[in-house]
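Peer 1: Got a predicted model here, sequence first, then my questions.
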Amino acid sequence: MLKDKIANAPSKLSVSYRVLLATVGGFIFTLIVTVFTPELFLWAFGWNKATSLMWMMLLSFGVYCGLVMWIIATRKLLKTSLILLLCGIALTIGFTQLQSHNSNQPTSTEVTS
């Protein structure tokens, strides 16, 4: 009975990769989402970029926790890695496009509180 449990245990390399992907990959993806969303809100709704960034910094803790739980709980680690990589690349490309589009728009300097 004990040998069956040991035979089904994940390898040290798999556990190390999972922890590395959860900590480093989750942090990088959360950072990309945090900087992409204010640019998207500025383009779509005309919201203030600083306020949107502040809200996304607050919400990034939940995004990071959700990513870590998803990566640790998943059974298909390669598929999860590819999803994170492809979504991160797509968000980065979208961020650069939105940033170049939003830089052409005039900015308002009035402060509202």
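Peer 2: Done, it's in. Residues are numbered from 1 along each chain as shown.

Peer 1: any idea which helix is longest in this structure?
Peer 2: Determined from DSSP state H, the single longest helix within the chain is helix 77-103.

Peer 1: Give the buried residues for stretch 25-42.
Peer 2: Under the neighbour-count criterion of 16 or more other Cβ atoms under 10 Å, stretch 25-42 has 25-26, 29-30, 32-42 buried. No exception for glycine: its C-beta is placed from N, CA and C like everyone else's.

Peer 1: Out of the residues you listed, which comes closest to I71?
Peer 2: Nearest to I71 among the buried residues of stretch 25-42: G26, at 6.4 Å, using Cβ to Cβ.

Peer 1: Dihedrals phi and psi, the closest one?
Peer 2: G26 adopts backbone torsions of phi -60, psi -40, taken as degrees, to the nearest 10.

Peer 1: what sits against it?
Peer 2: Contact partners of G26, counting by Cβ atoms under 8 Å, 6 or more residues apart in numbering, are 64, 67-68, 71.

Peer 1: again, only this time at 10 Å
Peer 2: Applying Cβ atoms under 10 Å, 6 or more residues apart in numbering, we find G26 in contact with 20, 63-72, 84.

Peer 1: What subset of those residues is buried?
Peer 2: Neighbour-count burial (16+ other Cβ under 10 Å) is assigned, among those, to 63-64, 67-68, 71, 84.

Peer 1: gap between the closest residue to T92 other than its chain neighbours and A9?
Peer 2: In this structure, T92 finds its nearest non-sequential neighbour in I32, 5.9 Å apart by Cβ to Cβ, 6 or more residues apart in numbering. Going from I32 to A9 by Cβ to Cβ, to the nearest Å gives 33 Å.

Peer 1: got it, and M54?
Peer 2: Taking Cβ to Cβ, one finds M54 at 44 Å from A9.

Peer 1: Then W70?
Peer 2: Noted for W70: a distance of 21 Å to A9, by Cβ to Cβ.

Peer 1: Which helix or which strand is home to S14?
Peer 2: According to DSSP states H and E, S14 maps onto helix 12-20.

Peer 1: how about the CA coordinates for that helix, as PDB?
Peer 2: Output of helix 12-20 as PDB, limited to C-alpha atoms (Å, rounded to 0.1, in the frame of the first residue of the first chain):
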ATOM      1  CA  LYS A  12      11.300  16.600  -7.200                       C
ATOM      2  CA  LEU A  13      11.800  18.300 -10.600                       C
ATOM      3  CA  SER A  14       8.100  18.600 -11.200                       C
ATOM      4  CA  VAL A  15       7.500  20.100  -7.700                       C
ATOM      5  CA  SER A  16      10.400  22.500  -8.200                       C
ATOM      6  CA  TYR A  17       9.100  23.600 -11.600                       C
ATOM      7  CA  ARG A  18       5.600  24.000 -10.200                       C
ATOM      8  CA  VAL A  19       6.800  26.200  -7.300                       C
ATOM      9  CA  LEU A  20       9.000  28.200  -9.700                       C
END
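
Peer 1: Done for today, thanks.
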